[in-house]
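> predicted model and sequence follow; I will ask about them next.
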Amino acid sequence: MILKEMKYKGVKIQIVQGDLTEENVDAIVNAANSHLMHGGGVAGAIVRKGGYEIQKESDEYVRKNGPVKTGNAAVTSGGKLKAKYVIHAVGPVWHGGSNHEDELLYSAIYNSLLKAKEIGAESVSMPAISTGIFGFPKERAVGIFARAIKDFIDQNSGVKLIRICNIDKKTAKIFANNFKISD
């Protein structure tokens, strides 16, 4: 269910309440840990729905490249998902805000969108990275999402649809009520 929709420089941005694993987009973003071990939360749901090959590809990525640093992202196939790709973004764990959490969350969002562009994805859907079990305050995250998305659109082309999708009604409403991009 689309709760909010806007356009910025021709890119459609939607805030959605729904199941990320059901998103009909080129790529979805997974809120991942640095070892890409997809046990619980969004990551667990993605592997349950998309198949173990997503975990297998993630293991192979970490074996070849080492853990994904906080603020960065890695890409695997989407397995059996509707999305062709899963972009695994490692957001920060909240420690009160004095450990560069804002900058790291910004980087995780921005770098996820850069990965989407690199793989040729025109549509991408992402959850509210770091606001679940990583504890990042949702209201604080909204502004960081807006800034990262605006900066990405200002500096890049190719991605035509960006969705922020949360199964949790409360989180989706916080994003819908507070998300804004201004010129």
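On my side now, so go ahead.
> residues touching Tyr85, list them.
Taking Cβ atoms under 8 Å, 6 or more residues apart in numbering, we find Tyr85 in contact with 26-28, 75-78, 116, 119, 121. For glycine as for every other residue, the C-beta is placed from the backbone atoms N, C-alpha and C.
> would you mind checking the residues you listed for buried ones?
26-28, 75-78, 116, 121 (16 or more other Cβ atoms under 10 Å).
> out of the residues you listed, the closest to Gly18 would be?
Checking those against Gly18 with Cβ to Cβ, the nearest one is Ile28 at 11.4 Å.
> roughly how far out does the strand or helix carrying the closest one sit from the chain middle?
Using DSSP states H and E, Ile28 maps to strand 27-32. Centroid separation for strand 27-32 versus its chain: 5 Å, with Cα atoms, centre = their mean, to the nearest Å.
> beyond it, next helix or strand please.
Note on strand 27-32: by DSSP H and E, the next helix or strand toward the C-terminus is helix 41-50.
> model confidence over that following helix, on average?
Here helix 41-50 scores 91 as its mean pLDDT.
> cool, and stretch 136-150?
For stretch 136-150, mean pLDDT rounds to 98.
> buried set for it?
Those would be 136, 138, 141-142, 144-146, 148-150, for stretch 136-150 by 16+ other Cβ under 10 Å.
> how about TSV for these, with distance to Gly40 added?
Shown next, in TSV, are the buried residues of stretch 136-150 (distance: Cβ to Cβ, whole Å):
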residue	distance to Gly40
Phe136	16
Lys138	19
Ala141	19
Val142	24
Ile144	23
Phe145	22
Ala146	27
Ala148	25
Ile149	26
Lys150	31
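> of the residues you listed, which is the nearest to Asp102?
Nearest to Asp102 among these, with distances taken as Cβ to Cβ, is Ile144, at 5.9 Å.
> for the protein, what helix or strand is lowest in average pLDDT?
helix 41-50 (a mean of 91; mean pLDDT, DSSP states H and E).
> can you name the next helix or strand after that one?
helix 52-65.
> related to what we said a few turns ago, just the ones of the contacts of Tyr85 in helices?
Judged by DSSP state H, the contacts of Tyr85 include Ala116 as members of helices.
> name the nearest of the contacts of Tyr85 relative to Pro127.
Ile28 (8.4 Å).
> the closest one pairs with what?
Using DSSP bridges, the bridge partners assigned to Ile28 are Val86, Ser125.
> what helices or strands is the least confident helix or strand of the chain leaning on?
Packed against helix 41-50 by the contact rule (3 or more Cβ pairs under 8 Å, 6 or more residues apart in numbering; DSSP states H and E) you find strand 27-32, helix 52-65, strand 85-90.
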